[in-house]
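structure for this input, please:
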Amino acid sequence: MKKKLLAAVFGVALLSLPGCASLISGTSQDLAFDSVPAGASVQVAGKSCTTPCKLNLEKGQAYQVTFSKKGYKTQQLSTAKQFDGVAILNMLGLVGWVIDLSTGAVSKIEPSALTATLEH
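I've put the predicted structure just below:
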């Protein structure tokens, strides 16, 4: 009886996890930032870097990105949250959808690279 129960639990787990976007594409994403001229400070979601650079941000939301450099006007660009097609692989498992929805893995951040052209 224990073997049958264990096999059933294992089978359900196999059907619900293989398409899990949380496992395939993760719950965070690298975004690349650049500026003209280079060397601008980037501020987003409490993180910062100097262009050109990359930051790892949590999926599931849109971001406002601030570019600034001494002698230039500050510029704000935004990202959007879009559906990540990898999540379609979860059609076999409700558990996978619940996990992906709760972690934000059903979405991706677009665009994945931002370039600001700063003006004097």
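
the helices in this protein, which residues?
Here the chain has its helices, by DSSP state H, at 2-16, 21-24, 94-103.

lowest average confidence across the ones you listed, which one?
Per-stretch averages of pLDDT across these put helix 2-16 at the bottom, with a mean of 54.

quick one, strands of this protein?
Here the chain has its strands, by DSSP state E, at 28-36, 41-44, 47-50, 53-58, 64-68, 75-78, 80-83, 107-110, 113-117.

so can I have CSV of those showing mean pLDDT and mean neighbour count?
C-beta coordinates here come from the backbone N, C-alpha and C atoms, glycine included. Output for the strands of the chain, formatted as CSV (pLDDT from 0 to 100; neighbours: other Cβ atoms under 10 Å):
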stretch, mean pLDDT, mean neighbour count
strand 28-36, 97, 18
strand 41-44, 98, 19
strand 47-50, 98, 13
strand 53-58, 98, 15
strand 64-68, 98, 17
strand 75-78, 98, 14
strand 80-83, 91, 13
strand 107-110, 94, 20
strand 113-117, 98, 16
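
give the contact list for the closest residue to L118 other than its chain neighbours.
In this structure, L118 finds its nearest non-sequential neighbour in Y72, 3.9 Å apart by Cβ to Cβ, 6 or more residues apart in numbering. Under the criterion of Cβ atoms under 8 Å, 6 or more residues apart in numbering, the neighbours of Y72 are 37, 40, 118-120.
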